[in-house]
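Q: show me how the following folds:
(one chain, ligands or ions: 1)
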Amino acid sequence: MKQDMIVILDLGSEENPRLAREIRAIGVYSEIYPHDITARELAALPGVKGIILNGGVNRVVDGVEIDVADEVRAFGVPVIEVDHKGTAPWPADEAARKAAISDFVFGKCGAVANWNMENFIADQVDLIRKQVGDKKVLLALSGGVDSSVVAALLIRAIGKQLTCVHVNHGLLRKGEPEEVVSVFRDQMDANLVYVDAVDRFLDKLAGVEEPENKRKIIGAEFIRVFEEEARKLEGIEFLAQGTIYPDIIESGTKTVKAVKSHHNVGGLPEDLQFDLVEPLKMLFKDEVRACGKALGLPDSMVYRQPFPGPGLGVRCLGAITRDRLEAVRESDAILREEFANAGLAGKVWQYFTVVPDFKSVGVRDGMRTYDWPVILRAVNTVDAMTATIEEVPFSVLSKITARITAEVKGVNRVLYDLTPKPSGTIEWE
Ligand code: XMP
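A: All right, here's what the predicted structure looks like:
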């Protein structure tokens, strides 16, 4: 391995992810492990230069307190015990805290600041080759940041042993399916199966109004299509997934309560159970983006804003119709273009359009119209649990309104959603 590592043993401190990030920020790789990792597992970890016991020193197994520090000290690398009684040993002041962490990592542990994307990619390429051998790997490539970066990494490691399946369910944004094909098939020469499942999804969704039903149908149909494609391919033994570190942390460790459950291939049938390849599972989101950049993916993919799994399906309110879906797609493309022109694209967390299933009266060229409105939404958030509204300049809103009403078929009004979360959610369905 090319990297040194500082291990954080999770003894119940909620600051572990922050600490791991702070250590990575000074250039040293760090991973969090559960408090009951065995001595053998710990000894097998590569490049460990120091261990931080964070959140208290003792764990209780079957009612008996065990001094973790005693066990861990036997490894012969420096150990620091943190947060015995809820007080961190490092100062609260940012600069002083950084200095104290640096002192432990570099001074006591003698770690080298060799955590960078080049080394990460080199290590992962070796690990993937070791894990996969000459076998074949399958990946559902949605075009989102995580699956795109996994694809690029696997192409670097095993080339044509990887097959990517891109399912176009008709609910992607304008230009996205085309971009997936052009980046992965044309530029990276990947084995890419492009599945045009647009009619299939829209037929299944026809007449379905209730948002949860729509979500369930989209999710179930996606698994069915992917499964059919997987069955057509021979000799696949591995399934690659874009699991990232927050997915694992949010699933809850032994000591921290789960925020949400982590989904993996649970939806695929028994006889399609593959071994998993998850090369990004130790990366935070910004590190995944840096990895994608280093692998040569375009900015439009690497800095893509969050996009819900059910895609535009939950932005075409009520029962989806093809004409309103196109109105969502076209208006979203205009919004994105104008946000980019106004320098808002990298600044606003998420922005999109919604088309409701009612019409209003308007006028065009002296003639009465009876058409849909388009609703604009632009929000900022840290964790998507709450969100505030971006104060988009009026001139930008006016330009977007003029373009949408002129260019998008069937639309005669534009509205701006001023509702923070709560009381609204970010999406409308
Ligand atoms: P809400 O609407 O719940 O959304 O405030 C919070 C964030 O999650 C995104 N979102 C999803 N992401 N699958 C996803 O991967 C989904 O089914 C889904 N639904 C909502 C939403 O776009 C926002 O960023």
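Q: look up how far residue 150 lies from residue 137.
A: Distance, residue 137 to residue 150, using CB to CB, to the nearest Å: 10 Å. Bear in mind the C-beta positions are built from the backbone N, C-alpha and C, glycine included.
Q: now do residue 298
A: From residue 298 over to residue 150 the distance is 16 Å, taken as CB to CB.
Q: circling back to that earlier point, between residue 137 and residue 150, which has more neighbouring residues?
A: Remark: of residue 137 and residue 150, residue 150 carries more neighbours, 28 against 25, as counted by other CB atoms under 10 Å.
Q: per-residue pLDDT, the more buried one?
A: Note on residue 150: pLDDT of 98.
Q: count of neighbours near the nearest residue to it once chain neighbours are set aside?
A: With CB to CB, 6 or more residues apart in numbering as the criterion, residue 150 has its nearest non-adjacent residue at 4.6 Å, and that residue is residue 242. Residue 242: 23 surrounding residues under other CB under 10 Å.
Q: name the SS class of the closest residue to the ligand within the stretch 101-250 of the chain, please.
A: The ligand sits closest to residue 215 of the stretch 101-250 of the chain, with a gap of 6.2 Å, by CB to the nearest ligand atom. Using DSSP: H, G, I helix; E, B strand; the rest coil, the structure places residue 215 in helix.
Q: for it, give me its contacts.
A: Contacts for residue 215 were tallied using CB atoms under 8 Å, 6 or more residues apart in numbering; they are 309, 310, 313, 314, 429.
Q: could you check how far the second one is from residue 378?
A: Read it as residue 310. Separation of residue 310 from residue 378 (CB to CB) stands at 20 Å.
Q: next: the last one.
A: Computed as CB to CB, the residue 429 to residue 378 distance reads 18 Å.
Q: tell me which of those two has more neighbours.
A: Neighbours were counted for residue 429 and for residue 378 using other CB under 10 Å; residue 378 has more, 22 against 18.
Q: which residues does the more buried one bridge with?
A: The partner list for residue 378 in beta bridges (DSSP bridges) reads residue 351.
Q: now it: how far from residue 405?
A: From residue 378 to residue 405 the distance is 18 Å (CB to CB).
Q: what does residue 292 give?
A: Residue 292 is 36 Å from residue 405, by CB to CB.
Q: between those two, which one's more packed in?
A: More crowded of residue 292 and residue 405, by other CB under 10 Å: residue 292, with 26 against 19.
Q: wait, is that one part of a strand?
A: No - read with three-state DSSP, residue 292 is helix and lies in no strand.
Q: which residues touch it?
A: Taking CB under 8 Å, 6+ apart, we find residue 292 in contact with 145, 148, 149, 152, 301, 302.
Q: the second one against residue 140, yeah?
A: Think residue 148. No - using CB atoms under 8 Å, residue 148 is not in contact with residue 140; the gap is 11.4 Å.
Q: what about the two, which has more around it?
A: residue 148 (27 against 22).
Q: can you pull the contacts of the more buried one?
A: Applying CB under 8 Å, 6+ apart to residue 148 gives the contacts 141, 180, 183, 292, 297, 301, 302.
Q: pLDDT-wise, which helix or strand of the chain ranks last?
A: strand 58-61 (a mean of 61; mean pLDDT, DSSP states H and E).
Q: helix, strand or coil for residue 371?
A: Under the three-state scheme (three-state DSSP), residue 371 adopts strand.
Q: low-confidence ranges in this protein?
A: In the predicted model, the chain carries pLDDT under 70 at residues 56-62, 65-69, 83-88, 250-267.
Q: got the residues of it near the ligand?
A: Within the chain, the positions near the ligand by CB under 6 Å from any ligand atom are 306, 308, 309, 310, 350, 384, 421, 425, 426, 427.
Q: including neighbour count and distance to residue 104, could the residues you listed go into CSV?
A: Formatted as CSV, the residues of the chain next to the ligand follow (neighbours: other CB atoms under 10 Å; distance: CB to CB, whole Å):
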residue, neighbour count, distance to residue 104
306, 13, 35
308, 17, 41
309, 15, 41
310, 21, 45
350, 18, 38
384, 13, 33
421, 16, 39
425, 11, 42
426, 19, 39
427, 15, 43
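Q: can you name the residues bridging to residue 196?
A: residue 168.
Q: who are the contact partners of residue 131?
A: So residue 131 contacts 238, 277 (CB under 8 Å, 6+ apart).
Q: redo that, cut-off 10 Å
A: The contact partners of residue 131, by CB atoms under 10 Å, 6 or more residues apart in numbering, come to 137, 157, 158, 238, 275, 276, 277, 279.
Q: with adjacent residues omitted, what lies nearest to the fourth one?
A: Going back to what we said before, that points to residue 238. Distances taken as CB to CB, 6+ apart put residue 137 closest to residue 238, at 4.3 Å, once the chain neighbours are dropped.
Q: can you tell me the SS state at the one you found?
A: strand.
Q: pretty sure residue 334 contacts residue 407?
A: Yes - between residue 334 and residue 407 there is a contact under CB atoms under 10 Å: 6.5 Å.
Q: who's more crowded, these two?
A: A count of neighbours by other CB under 10 Å puts residue 334 above the other of residue 334 and residue 407, at 21 against 12.
Q: can you report phi and psi for the residue nearest to that one when sequence neighbours are not counted?
A: With sequence-adjacent residues excluded and distances taken as CB to CB, 6+ apart, residue 334 is closest to residue 403, at 5.0 Å. Dihedral pair for residue 403: phi -70, psi -40, per degrees, to the nearest 10.
Q: picking up where we left off before, distance to residue 163 added to the residues of the chain next to the ligand, as TSV?
A: Formatted as TSV, these follow (distance: CB to CB, whole Å):
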residue	distance to residue 163
306	27
308	26
309	21
310	25
350	31
384	32
421	39
425	36
426	34
427	32
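Q: can you list which of those residues are found in strands?
A: Members of the residues of the chain next to the ligand lying in strands (criterion: DSSP state E): residue 350.
Q: break the protein into its domains for me.
A: Domain segmentation of the chain under automatic domain parsing yields 5-108, 117-302, 321-416.
Q: so what sits against both of residue 148 and residue 140?
A: Common neighbours of residue 148 and residue 140 (criterion: CB under 10 Å, 6+ apart): 164, 242.
Q: all helices of this structure, in order?
A: Counting by DSSP state H, residue ranges of the helices within the chain are 16-25, 39-44, 68-73, 94-102, 117-132, 145-158, 176-180, 198-205, 211-232, 245-250, 285-294, 299-302, 322-341, 394-407.
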